[in-house]
Each structure stands twice: as C-alpha cells, then as structure tokens.
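Participant: this is a predicted model, with the sequence first.
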Amino acid sequence: MRYKALDFKVKQSPHFDFYTYLKNDSLLTRFMQESELWYELHQQVFRDTFLRKNPLILYNNHPDFQQTTAIGGEISIGTGGVTEGLKNRVVMPIMQINNQTRHVLGHELVHAFQYHSLIEGDSTKLENIGNLPLWMVEGMAEYLSVGKKDAFTAMWMRDAYLNKDIPSLRDLTESNKYFPYRYGQAFWAYIGSTYGDTVIVPFFKNTAKYGYQAAIKYTFGYDEPTLSNLWRTSIENAYKPLLIDTAQVPRGQMIINNKNGGNMNVSPTISPDGKYVAFLSEKDLFSIDLFLADAGTGKIIRKLSSRQNNSHIDEFSYIESAGSFSHDSKKFAFSVFSQGRTKLLIVDVETGKTLATESMGDIGEFANITWSPDGNLVAFSGLKNGYSDIYLYDLSNKSLTQLTNDWYSDYHPSFSRDGKKIVFSTDRLSLESGYEGVDIPLGLAIIDISTKEIRKIDIFPGANNLNPQFSADDKQLYFLSNRDGFRNLYRYTFSSGKTEQLTDYFTGISGITEYSPALSVSANDDILYSYYRSQKYTIYNAKPSDFTAKEVPNNEVNFNAALLPPPQSLGVDVVNSNLRNYNIFQRIGKSLIKPVPYKPKFQLDYLQGSGVGVAVGSRYGAGLSSGIQGIFSDILGRNQLFAGVAINGEVYDFGGQFAYINQKGRISWGGSISHIPFMSGLMSYGNEEINGNTYFTENTDIIRTFQTQIDAFAAYPLSRTTRFELGGAVARYSYRIDRFSNYYDPNTFYFLGSDRRKLSKEEASRTYGGNFNSFTLQQLNAAFVGDNSYFGVAAPLSGYRYRLAAEKYFGDFNFTAYTADLRKYHRIKPISLAARAYTYMRVGSGEDQLYPLYIGYPFLIRGYESASFYNNNGNVYQGYNVNQLMGSRIAVVNLEARLPFTGPEKLAAIKSGLLFSDLNVFFDMGLAWSAGDKIAFKSNPDKIGEQVNPDGSTVDIYERVPAMSAGVSLRVNIFGYFVLEPYYAVPFNRKDLKFGTFGLNFAPGW
C-alpha cells in the first residue's frame, strides 16, 4: 500500500550508493559517514571488500518504510530494516532514537557482508543461505552491531537461566520458541569471547557450505551437543552468583497475565483516577488490540479498539509507544498507523467509540502520548525530517507547537501534575559528554512549557534512564534504569537530588524492546509496570509503600551484569574493542560524498527454471518439456518486469508471457502480452470405413486451444483492506486438433498401422459439435475488493473478504459476466464459523457459446467431482446427473465450523510444532443453470420436456435443482507450501452412492 510517490535522489560515498528523499543534509552526511565507519568495522571481521558500491535505500520514517517497493511482502511495525540478497540492497528508515538508527544501520550492514561473502565467495553461493539457521544470521548481526555488553539481551538470558530453559543449538534451529535475535546474539558473544572473533566468519561459511552441525565439527572439533553444553555451562556459571541476593517476587498485585490477557501484555497505561488500565495485547491471537481492564482486579472490561472493527487503523504503534488517559479518565488517546502516517486516535473509554482521528501536520511518525492535566493538550515525541523532538498539540484549536528543536533524540514525554513541565528521556547528555562507545544512552531532562528551558537530570551516566513519570505531588520522578545491568524501578527526589532503587529483579521491568514503555503512574501514585519473566509480559499494580527503597549514589553504574557470558574474553577481541571505541574512529570527509544522477539499474530479482525433459519414440512423436521465468526490477522496485517461456510437447505447445508493473505511485498499473496453449485430449473407439475397407480404429485427439492476449490493468487501494481494480484485454482464440489413429483388423484385432493427421474445422465440428473457428474477445473489467481476514494455519478464522466484479465481453461473442464473492469468519473460541456466498454469471446473447461452468469442483461443492460419478447409466440416474452441475451461471453457499486441530498451543486443540491442520464440519450447496432453465428447490429434478436433435434423437430436459452435501474435512498445511484437504462428503442429490464419497482438495480454505 503506497500513499504517495517519493522523489528519491542519489548520493555516493566510497562504498555505498544512498537513495533517499531526506531533506536534512547534515543528518544524511552523518548517516553516510557512519555507514562507512560500519563498513570499516565489519570489514575487519569479514576480511571482505565490496568491489561495487552497495545500495542503501533510506526512508524518512517507519510509515514511509512500510510502503517500500524495494522489498516484496508486508513490512510490519516490528521490522527495523531489511537487507535482500540478489541486489544486496539495505532498506531502512530513520528511527525515532539516534541509537536505534545507528544500531539498525550496523545490523543491516552485517547482512550486506553476509550476502556478499556468500555471493562472491570462492566456494559458496547465495542458495547456501538455506543452510544457515536464522539465529546464526540474525544473532551475528546483533553481536557485530551491539557487542556483548547488552543489558536487554542479558535480561533474556537470565530469564532462560532462571527458568532452566537454556536452549541447545538444535532447539534454536528446530523450534520457534526462542527469539533468534536475542539467543543468537548471546551465542555469538560466547563464541567470540571463548574462541576469538576471528573464528566467526570461518564458522559462518562452514555452516553455509555444510550445515551447522557439520560446521561445528569442522570448526571446533566436537559435536553440536558438546558445544551447546559448553554454552549452557557458561551461562549458568555467569548468572548463578547474581541470583543469591536478588528478590524474585514482584512487588504489588499482579492484574494482567496470560490467563486474562495474552503472553505479550505491553504498553500499560493507568488512568489518572487509578481505576482503569489500558494495554496492548495479542490476547485474541490474530492481531495486537487495545484492551481496557479494571486496574484493581485486572478484569477485562472491553476491547477499546481493534484493527478488525476500526477502518481508521492500519496497525497499532505497539512496539515502543503507549497512550494516555484524559484528566477525567473518560477518554484515551494513542498513536496508530493510518493512511501512510502516524495519527492520533482518541476513543471514548465507556463505549470504545472513535471521537477523533488527527494527523500531526508534516510529522510522519510520533509516539508515547501524554495528556495534560487540564485536558486541553497532548504531548508526544515526533519524528520530523529525521529529528526526534517533543511537540504539543492543542485539541481545541488543533494547533501544533514544537517544544524542542535539535538533533538530539527526545523520547517518553510525560506531563507534570500541574501541567507546567514535561519530563522526557533524551540522549543530549550522552552526546554532549563525548561518550566513546557505540551505544547512545538516554538520560532524563525536564522542559518548562512556557519558557522551553531544559533542565538535565545528571544521574547514572552511561545508563539508559527511561519512561520517567511524575509522582502525584510533582516532588519525585519514577523511572526505569539499567545502571547495574538489570532493569529496575527508581525514584528521584527533586529537593534532595537523592535517588532510590525500588526493585531488585533478576529479570526486569520491560516491554518488547529496551525502549518500550513499561511504567505508568496515576495521580494517586498507583504504579503500574510490566514485568518480564518466562518470555511473557505481566502487568502489576503497586503502591509506593509496596517497595523497599534503597538509596544509591547518582553516579554509581556497573554493567557487569549486562555482559553476555562469559564475562572474560579469552580470544582475539575485535568486535567489542571496536564498539567500545566507536566514536574515536575517524569519519570520512564530506568531500568523499557526492550527488550523482539517479539510474534505474534493472537487475534480476528472481529466476527459476523447470529443467529439461525430452521424449522420443512415442506414438505422439518427439517432444520437449522445459520452461524458465524471471522477474526484473529497478533499484527501488518501482518498475517490475516479468518474462516467462515454456514448452511442453511439440513446437505448437510453446507459450510465453511478458508483463510490466509500475508501482511508483498509489495506483499500480501495468500490462502484459502472452501466447498460451491449452492442451486437452479425448480418446474414442469404433469401426471406421476407409476406402471401402472396415477397420477397428483407436483414436486419440490432442485438442489445442491457443490464447494470444494483450491486456492492461490498474489497481487503486482505498486502504490496506480495500481496493478498486480496472482492466481491459483483447484476446484471440484459435484451435488445432491432431488425431493419432491406430488401425486394427475388426475380426482378429491384429495391428495394421497408425497415422497422424490434422482435423479440419468441419470434421472437428462434426465430431464434437459446435464450431472450431477462431474468434476474438475484447474485455473490460472492474472490481471492488476487500480483505480484512486473519489466516489461521490452513484457512481464515476471523474477519471478512469480498469481491464484487463485472466483466464486459464483446467481439465475436457478446455477454457480461458478474461476480459476487462474500465471505465472513466469526471466531467463537475455540472454533470459527465461516460462511461464503458466491456467484458467477454470464449474461447475454453469447453466454452459452463458451465452455460451461462447473460447480462440482471440490473448492466449490464437495462430493460432486465429475470423476466420482459411476454406476449411473451414462451419467443419467433418476433425473440427476453431471449435467445438473453445468451451466452459464452458478451460485454457491458454503457453511463451515473450523477447529484449529493441531498447531500452535494458543490456537490449536492439540499442540504440535510440525503438523498444522484444521478440522472442519461443512455444508455445501450450489446451483448451476443457464438462461431459460426452470429452477426448483427440491432434491430430485422432474422431467419437463424433450429436445429433438437434428438427427432425430431426443434429449430429456429436467428442472435445475441445487446440489447439496455435508461432511467433514481435514485441511493440512504442508510446511507452508500448499494446503491439502482430504474430505468425506455425503452428497444428498446423488443416487449412485449408498453412503458418501471421499475426495481430495488442493487449496487453502476459502
């Protein structure tokens, strides 16, 4: 979904081509200089050189990044950047925090080196990436860009130790339970510290060539279980001493856990009166939704807002943002992604009704709303032209005021209780102090709203001090800090400058990322926080009296607990030494950065061949089978070219297609030209008189239909769930029928010979009826399409889908085709009720002159497959036969109850990490008819007349009645490649079956 066309310019540095539309030259220069610095640091590890400049596509903010055409598929809110393989393009946005931008850049450039080392390697190639587990690829990128000093990843590893759930490398590879970024980073930190950073790339390349288990033996000399045990022992030895004096019972009352919420209950916000808590959760499985609960008991009151029932919301800003209640606790404001930007959404707490949806001018992305005590203002941290600042928005006159205006990152704003000040986290202290390390810690500051004067609170230098909140009397600040390598709650008193530590948790108070809001304080000093344990996020409500305060010096920091095991580095330490001295390294000069003209640079995105097959000596002569298809695009992915050719038989069976798609603006448009042969066959037997002699003849007719077509199309998306389509085409259809005949003596059946000949149009018409003259069709089509469904393991389980379309055909045939396809899915745990109403109708003078439609396919009605009809006297049995299933118009109704049978624990009845399936009970009903047919709603049709053929024979004419069936099916997702549906159906109309019939469907659930 693209909401605007961006004007990209190009700049070059020694090793990169930068594509961006950012109009902040100083920020872009700094970004390009850091790209070259990361190149230098990673090159020391990979020992690899880019001979060609690596493309890097930079977006102004995450909403713009989500609209990228450089990467196929959907970009989620949790994706910081992407590096793709064939063009080795790094695609990323400017982030809301300087440290995030630096980290994502360093992380993605590791991937660029990984791809380059595979593509340009002596004995590796791009497809070897399939041998690399995700934890190895992503973990390496984290380790090389963050290092082993990481309080956030250390929290995850302490949690694994505490719960006796330290995975083996096999667990990381074969289970999706363990987040590959965190655990992979911890593993590479162990490898680098134990064996030296010089072993990283050899181990990586050996894994690409041989797989991780063989690579372990080849690189280290022992097997995977041994290396996993050594890593596990290292974690246990490092963290066991830290657990002795650390309390493990969270303070306060647990109100939201995975019993009344989900596993991920994040961004908690308490109302000023302390009665309500709003939080984001995956409680309903299919999406992140906003819930309202009683802050005292945790009872879920209602869903405040959801993507499923609010068309304004493309996605919640749930990763690193929280909302805010109004002063009277009656309204709730939060930020959402909508129409290609972040918007402010305000809902009524009592009803969930949307009260306002507001854009913030040219601020494309903002987060962490805070509502003023007087109810007139909201403040937030906004990203504009690459800089993150604090803004005020007046709700009454819709005016916007910028409070800070500099290159520092200002985040997590929160109003004082008197409404005169805002406290926030900022990196201005770190950047002004000349901090040498790669990370840019966030400290605390307060801004006076009237004077815009900023006061820095200089505590815990080098630590991340986040999520500050004023106490009820404005005399103290509550905040979160990792100053000792853990993540705990602290309280700062203004009058004395004293800081107290309130919690001492072995894991920590945290959200999804280190910067996610995890703390909220009411006007009554109710302290709400999210606690991380067992890879779950639980919300607690506490009073100040619940904590045991311990005063700590304001300059006391110790990051030993933030070091990933082992604490000591025994091998060559390249990575961490460089990261500790990141800001000491020399940057390239500005003279090495130059603008250059934009060039499309079309390159291959995808190439796939189907192999080659040759047949000789068959009765049908020699044949060839082969095909190849490729996709090409420019560097930004805005223009795509598709080309494919294939042959399957003789020269007549050669087909091909060329297509072009333009994705530059909101409207996608393109066209294609193609020649496609469709082949079918029919066998016949009988006596034939030739030149006065009678032969028993075995005929095989190869019927080819050739479609040569040129078409154009366009699609205009109204939102991420709806679009309008328009298209047109001109197609020429022609036929060729080749008859292969074997001749036998009619008495002895002795083989006499064979021949091949092309049937004339007249002979083909006599044989098959109708005519085989070439014809031309022109077509215009339009459609309105919607899809807000949420897919389970093999079929949609929630939401809706629809398509309303019309097609006008003219030329040698003249008719109109209409499509209405309506689908609704309603989730009632643990099942989903699904309903579909579908019709396709040809209407007009030529509606019966094309091949008839058939409703007996199992993806329409199960139990009526044409091949399953038997013992019914030439397909006629008491009036009902396969002819009842054919016509120029069809209508189908399907009802299903779907139970996720095997699969993920939170979704399926039976937990399985390998087999994913749905168990279904279904009822299908369909009707096929043509213009003038009599329709009757009963089980068996009555004869209503006869049709006399030109040869004098007669054909009975029956009423058209709906076909109905019911049964059970099991849809199985085969490793994500396709869905297989074996079913047992009882077709009510068929009299040739005593019971039901089994069938097989190769399609995901409708």
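Facilitator: Everything's here; your move. Residues are numbered from 1 along each chain as shown.

Participant: which residues does Tyr181 contact?
Facilitator: Glu138, Gly139, Glu142 (C-beta atoms under 8 Å, 6 or more residues apart in numbering). For glycine as for every other residue, the C-beta is placed from the backbone atoms N, C-alpha and C.

Participant: turn the residues you listed into CSV, columns for distance to Gln568 and pLDDT.
Facilitator: Output for the contacts of Tyr181, formatted as CSV (distance: C-beta to C-beta, whole Å; pLDDT from 0 to 100):
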residue, distance to Gln568, pLDDT
Glu138, 25, 97
Gly139, 20, 98
Glu142, 21, 98
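
Participant: of those, closest to Ser845?
Facilitator: Glu138 (61.2 Å; C-beta to C-beta).

Participant: counting only helices, which of the contacts of Tyr181 make the cut?
Facilitator: Those of the contacts of Tyr181 mapping onto helices are Glu138, Gly139, Glu142, per DSSP state H.

Participant: do you know the pLDDT at the residue found closest to the second one once you drop the neighbours it is linked to in the chain?
Facilitator: In this case it means Gly139. Spatial nearest neighbour of Gly139, chain neighbours left out: Gly184 (1.7 Å); criterion: C-beta to C-beta, 6 or more residues apart in numbering. Among the per-residue scores, Gly184 holds a pLDDT of 98.

Participant: which residues of the stretch 351-500 of the chain fall in helices?
Facilitator: If DSSP state H, counting those that start in this stretch is used as the criterion, the helices of the stretch 351-500 of the chain fall at 428-432.

Participant: as TSV, the ones in helices among the contacts of Tyr181 with neighbour count and distance to Leu162 would be great.
Facilitator: Shown next, in TSV, are these (neighbours: other C-beta atoms under 10 Å; distance: C-beta to C-beta, whole Å):
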residue	neighbour count	distance to Leu162
Glu138	21	24
Gly139	25	21
Glu142	25	22
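
Participant: quick one on the thing from earlier: would you list the contacts of Tyr181 in a markdown table and tack on distance to Ser409?
Facilitator: Compiled in a markdown table, these are given as follows (distance: C-beta to C-beta, whole Å):
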| residue | distance to Ser409 |
| --- | --- |
| Glu138 | 25 |
| Gly139 | 26 |
| Glu142 | 21 |
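
Participant: closest one to Trp1006 out of those residues, please.
Facilitator: Glu138 (35.4 Å).

Participant: follow-up on the earlier one: for the residue nearest to Gly139, helix, strand, or coil?
Facilitator: helix (DSSP: H, G, I helix; E, B strand; the rest coil).

Participant: so what's it up against?
Facilitator: Contacts of Gly184 by C-beta under 8 Å, 6+ apart are Leu134, Trp135, Met136, Val137, Glu138, Gly139, Met140, Glu142, Tyr143, Leu172.

Participant: of those residues - the most surrounded one?
Facilitator: With neighbours taken as other C-beta atoms under 10 Å, the top of these is Tyr143, carrying 30 neighbours.

Participant: just the buried residues of the helix or strand containing His116, please?
Facilitator: Assessed by DSSP states H and E, His116 sits inside helix 98-119. Across helix 98-119, burial judged by 16 or more other C-beta atoms under 10 Å covers 98-118.
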